[in-house]
Each structure stands twice: as C-alpha cells, then as structure tokens.
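# What follows is a protein structure lacking sequence information:
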C-alpha cells in the first residue's frame, strides 16, 4: 500500500495514537487503513460414506482435488458464504450441518471455516471452477493429489469420525514453511 | 474508496473478469481491491459461576459492560487474537477453552468468535480500555447496561449451560435494524 484510498495522498507505516501496531496512515486526510485476516468458508459435502471433491479448474493448484471453499464476502453469514462457494464450485444445493473444521494459517493471514454438509448422490456438476466433480469413499480419495493441507486434514478427520460415529469440531494451526 | 492504494489512480466499482460481484478496480494499474468481512475475537472468561465483565472506557458504548473482544489481527491464530484482546482489556492471562459462540452480523460485515476461558479470581485489573472490571454471577450481571447483543446472548447461554453442565457452541445471526 502506497497511496490513501480516501484522498490519494501518500501513506506511511506508523503506529497510530491509541494503537499498538503499525498501520498504513495518511498524513494528508488522517485515514487509517487497517488490514485484517481474511476468512475462507467452505463445506465438506458428504453422501453416506463418500465425500464430494472438486478438481480445480483454476489457479492456484490447478488440476488438484479440493473441497469447495472460497473467500467469505461482505453481507453474508458464514454458512451463507459456505453454501454460496459450494454452489459456485459444484452446482450442488447442499444442506449445511455443523461447523467441522477451523484451520488457522497465520502466515498468510487466513482462517478457514469448514462446515459439514449433506449432498444428494447426483446433485452436482462441473462448473467453471471445477473440471471434474465426484463422490469418493476413503479408498477412492486421491490422497496424493489433494490441493491443500486443510483438505487432507478435513478428510482424515471425516473418515475417522465416520468410524466412531462422533463428528467433532477440530481446530488446527497450519504452519507453512 | 476513491483511489488505488497501489498506484494512486482513480478506482471504479465494476465486476472484474471471472468474478460475479462488484469490486473497486483500478483502470490504471489493474489492481482489484477486495473488501471482505472482519472477524472480532474475544473470550467469555469465567471463575466458578462468575463471568468477567469490563466497563468500556472507550467508544463505542462507553460506560456499558462487555466481554473482552476486538478485531482479529494479521499473523495470529483465532485463539491468539482472543487471548491478546482479553489481555489488552483486562490484564488477565486467561486459559483458553473451546469456541463457544459465533455471531454473524452481516449488515456491518462482521463475524464474532468468542471462546470460553478460565480466569483466576484476582487475575485482572483496569486498563486504558476498561474503567472497571469484575466477576459477576447471574444475579449480579448488569443486564440492562450491556454494550452489545452478542454479550447478552453469550451470558444467557453461559448461565443456562452452567445449570445443565453442558457447554455447547452456538451460532446466532444478529440482525440490526
């Protein structure tokens, strides 16, 4: 950030009065430009013992498999965001369940909130964001070509909980090197 | 937003290619300026059957009582943020417990994540943000002068769960008129 989005003046990085960390501040108009982490919302859609995965048709991780998720947008609740992202990536109208995974990735200022969701056995189709979509049981999951660590963790947790019958919210901090 | 924070050029509100909602876009340098909801993190610190509340020494809602919470910052996990805010407002080093409340306030593009936390009976003191701090049981809570609806809901849930002995994560959508 070099310029003030309010007045177009130059910004400087400094600690504002009554604050304790550096912010981009405009000396011309006095605006303080806060930057905060972004939330990624998504679902783990399942039908019986199978999970819905999408093959990414876009960067990053094009060609790898993921759960439907994307940036949480203004004006929506977390679940509305998770369902919107699921619809955009899979065309599925899933039924949202409980919050199932929280993944902190502080290095990139992101936190992921993933909800369980019920999907019908044929209620999905490819989209501009997903070149293939399908339901996979534990043996069929393409474990070696999953797009992100949080997808791997979510799937491992799901199949473990499927065996125990007890689905619990877990929080994981993902440390990227 | 009127100016591009990257190049200082004028921004226009339009739907970028491969997107489906309006963003502030810079025609000069091509930057797209996304605006997403902010997360507020905090705790419900308790000792036995009492909850720690803070009388706000700052706006908004100066003079009303709240639970310690504030904006989630870059570079931290949700719990780190919740503990930092608790320390800043109460000087207490609490022990973080489970995620206890999620409050969506989509009208103001905020989502609140409140964690249970154990606090010692004397482990707190006033700060620049809180003019009074104290532990309150259900009868002592200043119900009529609580600062925010999410504080009221969190406290009602806590005292109900205290009776049942079963503390469960609840999600609430707070619709402001």
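All right, it came through fine. Just so it is clear, the model here is predicted, and its values are computed rather than measured.
# Who is residue A:3 paired with across the strands?
Assessed by DSSP bridges, residue A:3 has beta-bridge partners residue A:10.
# quick one: contacts for it?
A:9, A:10, A:11, B:3, B:4, B:5, B:6, B:7, B:8 (CB atoms under 8 Å, 6 or more residues apart in numbering or on different chains). C-beta coordinates here come from the backbone N, C-alpha and C atoms, glycine included.
# How about residue A:75?
Here residue A:75 is in contact with B:106, B:107, B:109 (CB under 8 Å, 6+ apart).
# at 6 Å what do you get?
residue B:106 (CB atoms under 6 Å, 6 or more residues apart in numbering or on different chains).
# SS state for it?
With DSSP: H, G, I helix; E, B strand; the rest coil as the basis, residue A:75 sits in coil.
# Pull the residues that contact the biggest helix by length in chain A.
Looking across chain A with DSSP state H, the single longest helix is helix A:149-164. For helix A:149-164, the external contacting residues (CB under 6 Å, 6+ apart) are A:44, A:66-67, A:101, A:103, A:112, A:114, A:138, A:141, A:146, A:167, A:170, A:172, A:174.
# picking that back up, looking at the contacts of residue A:3, which is nearest residue A:96?
residue B:5 (35.2 Å; CB to CB).
# okay but residue A:89 is in contact with residue A:128, surely?
No. Residue A:89 is beyond contact range of residue A:128, at 9.1 Å (criterion: CB atoms under 6 Å).
# These two: which has the busier surroundings?
The neighbour count for residue A:89 versus residue A:128, taken as other CB atoms under 10 Å in any protein chain shown, is higher for residue A:89 (27 against 10).
# now the helices for chain A?
A:78-90, A:149-164.
# deepest of these, which one?
helix A:78-90 (a mean of 22; mean count of other CB atoms under 10 Å in any protein chain shown).
# quick one, domains of chain A?
With domains defined by automatic domain parsing, chain A comprises A:1-35, A:38-173.
# measure the last one end to end?
The first and last residues of domain A:38-173 sit 15 Å apart, counting by CA to CA, to the nearest Å.
# Pull the contacting residues for the residue nearest to residue A:120 when sequence neighbours are not counted.
Counting by CB to CB, 6 or more residues apart in numbering or on different chains, residue A:120 lies nearest to residue A:47, which is 6.7 Å off, once chain neighbours are set aside. By CB under 6 Å, 6+ apart, the residues touching residue A:47 are A:119, A:121, A:135.
# Buried among the residues you listed? Make that a ChimeraX selection.
Buried members of the contacts of residue A:47, defined by 16 or more other CB atoms under 10 Å in any protein chain shown, are picked up in ChimeraX with:
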select /A:119,135
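# between the contacts of residue A:47, which is nearest chain B?
residue A:119 (20.8 Å; CB to the nearest CB).
# Excluding covalently adjacent residues, which one is nearest to the closest one?
In space, residue A:119 is closest to residue A:45, 3.9 Å off (CB to CB, 6+ apart).
# Give me every residue in chain A lying close to chain B.
Along chain A, the residues adjacent to chain B under the rule CB under 6 Å from any CB of the partner chain are A:1, A:3, A:5, A:8, A:36-38, A:71-72, A:74-78, A:104, A:106, A:109, A:111, A:173.
# nearest residue to the residue nearest the centre of chain A other than its sequence neighbours?
The centroid of chain A falls nearest to residue A:40 when counting by CA atoms, centre = their mean (3.2 Å). Nearest non-adjacent residue to residue A:40, counting by CB to CB, 6+ apart: residue A:112, 4.6 Å away.
# Next, the contact list for the one you found, please.
So residue A:112 contacts A:40, A:103, A:150 (CB under 6 Å, 6+ apart).
# do you know how far it is from residue B:135?
Distance of residue A:112 to residue B:135, computed by CB to CB, to the nearest Å: 35 Å.
# Please apply the same query to residue A:76.
Distance from residue A:76 to residue B:135, counting by CB to CB: 37 Å.
# Equivalent analysis for residue A:75, please.
According to CB to CB, residue A:75 and residue B:135 sit 38 Å apart.
# Centroid-wise, who is the farthest residue in chain A?
residue A:28 (37.1 Å).
# what about chain A, any weak spots by pLDDT?
Residues of chain A meeting the criterion pLDDT under 70: A:177.
# wait, isn't residue A:101 in contact with residue A:116?
No. Taking contacts as CB under 6 Å, residue A:101 lies outside contact range of residue A:116: 9.0 Å.
# just the buried members of the contacts of residue A:3?
Buried among those (16+ other CB under 10 Å): A:9, A:11, B:3, B:4, B:5, B:6, B:8.
# Taking those residues together, which two end up most distant?
A:9 and B:6 (14.2 Å).
# and the gap between residue A:142 and chain B?
Distance from residue A:142 to chain B, counting by CB to the nearest CB, to the nearest Å: 26 Å.
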